[in-house]
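S.K.: What follows is a predicted protein model with its sequence.
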Amino acid sequence: YGNYDSMTLKGDVTGPITETIAFSLDASYNRRDGYGRIVNLDKDISDRNRWTARGQLLIEPNSDLKIRAMADYSQIDEVCCVVSTLVAGPSAPAIFGVGGALSTDFFSYDTYLNKEPINKVDNYGGSVQADYDLGAISLTPIPAYRELKNFVDQDVDFTSADIVSEMRDQRVKTFTQEFRIASDFDGPLNFLLGGFYFDEKVTQDSALTTGAASRSFFTLLGRAATQNPAFTFNQIEAAVGQPQNSFFSAGPLTAESYSLDNRAVSVFGTVDFEPIDGLVFTGGFNYTDDKKDFALSGQAFDELSNLNLVDTFITGAT
């Protein structure tokens, strides 16, 4: 137990189930109040809320066979994280102009956001290793699977103004299979031969959403850039034939979908030659074939992003 109501609890239990089967269970829990503060929301940030558990079985039906199976699960559900402003740049006055606030003390744990961040991670998997002794030859297969899920939803302008937020949903699925054959001859030659298969799939969906203060914020930036205090997007919308109040309106801004498939196959081996006691020559080889296929699609919803300015200029000039 510690300050900020920090609490860490860990434990494990192990022992026999039968004469040929043993087990092990261990788990941990870690929580802590946030040491940062979202000032305008009066909420804590950068807290700890995570736990994990793992179980194992060891099976030895006879002296020639040993099987070890294990599985684990862990979870994180936290409000992450404190972001400090190193330099309040040229856009800072526009933040203040729409009623927003940001921390100007880099070493402060105070921050300003228009919503609490969400950070969730689920991570689980398992594997089985079998060691089978056939005398001079031993076999070892090891299949394994793991899956990771990560969800993030946060205010990415890192101010109290509602300008833009991001959602990101990721998933990684990984399957591996290893197989080894090893020798234990009395003679001068021994070898190890193995193969490894890897198959991983990654998907990610992400989106940016424009907030209620976005149009006012970019209007102030436009006035500062053009040195024209009367600048509005209504003038541009009328000039290019777009609906009034459409640029930087509240709602979906962008959406992206990404996927990656990665498959690899590897064959490896070594040969040991011991002509006399204490002198061993080792030769080895490895061959790997790795292939990756990926796809990315992106969509922009804002009317300004979809405007073909070249065609619009040509039409206007004509």
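M.R.: Good, I have the coordinates.

S.K.: can we go C-alpha only for contacts and neighbour counts from here?
M.R.: OK.

S.K.: Could you list the low-confidence segments of the stretch 101-250 of the chain?
M.R.: For the stretch 101-250 of the chain, not a single residue meets the criterion pLDDT under 70.

S.K.: Just the strands from it, written as ranges.
M.R.: For the stretch 101-250 of the chain, applying DSSP state E, counting those that start in this stretch gives strands covering 110-111, 118-133, 137-155, 164-183, 189-210.

S.K.: helices or strands next to the shortest one in the packing?
M.R.: By that I understand strand 110-111. Packing partners of strand 110-111 (3 or more CA pairs under 8 Å, 6 or more residues apart in numbering; DSSP states H and E): strand 36-38.

S.K.: Could you count how many residues lie near Met7?
M.R.: Using other CA atoms under 10 Å, Met7 has 15 neighbouring residues.

S.K.: Could you list every helix and strand in contact with the longest helix seen in the chain?
M.R.: Identified as the longest helix of the chain according to DSSP state H is helix 214-226. Here helix 214-226 touches helix 92-97, going by 3+ CA pairs under 8 Å, 6+ apart.

S.K.: Give me the mean pLDDT for the helix it packs on.
M.R.: Averaged over helix 92-97, pLDDT sits at 95.

S.K.: quick one: contacts of it?
M.R.: Counting by CA atoms under 8 Å, 6 or more residues apart in numbering, helix 92-97 makes contact with Ala101, Thr159, Ala161, Phe217, Phe218, Leu220, Leu221, all of which sit outside it.

S.K.: So in terms of bridging, what pairs with the residue positioned nearest the centre of the chain?
M.R.: Against the mean C-alpha coordinate of the chain, by CA atoms, centre = their mean, the closest residue is Asn150 at 5.5 Å. Per DSSP bridges, the residues bridged to Asn150 are Val121, Gln170.

S.K.: ok, now which ones touch it?
M.R.: Asn150 makes contact with Asn119, Lys120, Val121, Asp122, Arg168, Asp169, Gln170, Arg171 under the criterion CA under 8 Å, 6+ apart.

S.K.: can you list these in CSV and add distance to Leu307 and neighbour count?
M.R.: Listed next are those as CSV, based on distance: CA to CA, whole Å; neighbours: other CA atoms under 10 Å:
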residue, distance to Leu307, neighbour count
Asn119, 35, 17
Lys120, 37, 19
Val121, 38, 17
Asp122, 40, 17
Arg168, 26, 18
Asp169, 29, 16
Gln170, 31, 18
Arg171, 33, 18
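
S.K.: Give me the distance between Gly36 and Arg54.
M.R.: 31 Å (CA to CA, to the nearest Å).

S.K.: swap that for Ala27, please
M.R.: Separation of Ala27 from Arg54 (CA to CA): 6 Å.

S.K.: what does Gly125 give?
M.R.: 10 Å.

S.K.: joint contacts of those two?
M.R.: Jointly contacting Gly125 and Arg54 under the rule CA under 8 Å, 6+ apart are Ala71, Asp72, Tyr73.

S.K.: Adding pLDDT and distance to Asp261, write those residues out as a markdown table.
M.R.: Converted to a markdown table, the shared contacts of Gly125 and Arg54 look like this (pLDDT from 0 to 100; distance: CA to CA, whole Å):
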| residue | pLDDT | distance to Asp261 |
| --- | --- | --- |
| Ala71 | 98 | 24 |
| Asp72 | 98 | 24 |
| Tyr73 | 98 | 24 |
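
S.K.: quick check, nearest of those residues to Gln227?
M.R.: Tyr73 (57.0 Å; CA to CA).

S.K.: Distance-wise, check the residue nearest to Lys43 when sequence neighbours are not counted relative to Asp153.
M.R.: Using CA to CA, 6 or more residues apart in numbering and skipping the chain neighbours, the partner closest in space to Lys43 is Arg37 (5.8 Å). From Arg37 across to Asp153, the span is 18 Å (CA to CA).

S.K.: which residues are contacting stretch 276-286?
M.R.: Contacts with stretch 276-286, where a contact means CA under 8 Å, 6+ apart, come from Pro188, Ser266, Val267, Phe268, Gly269, Thr270, Val271, Asp272, Phe273, Glu274.
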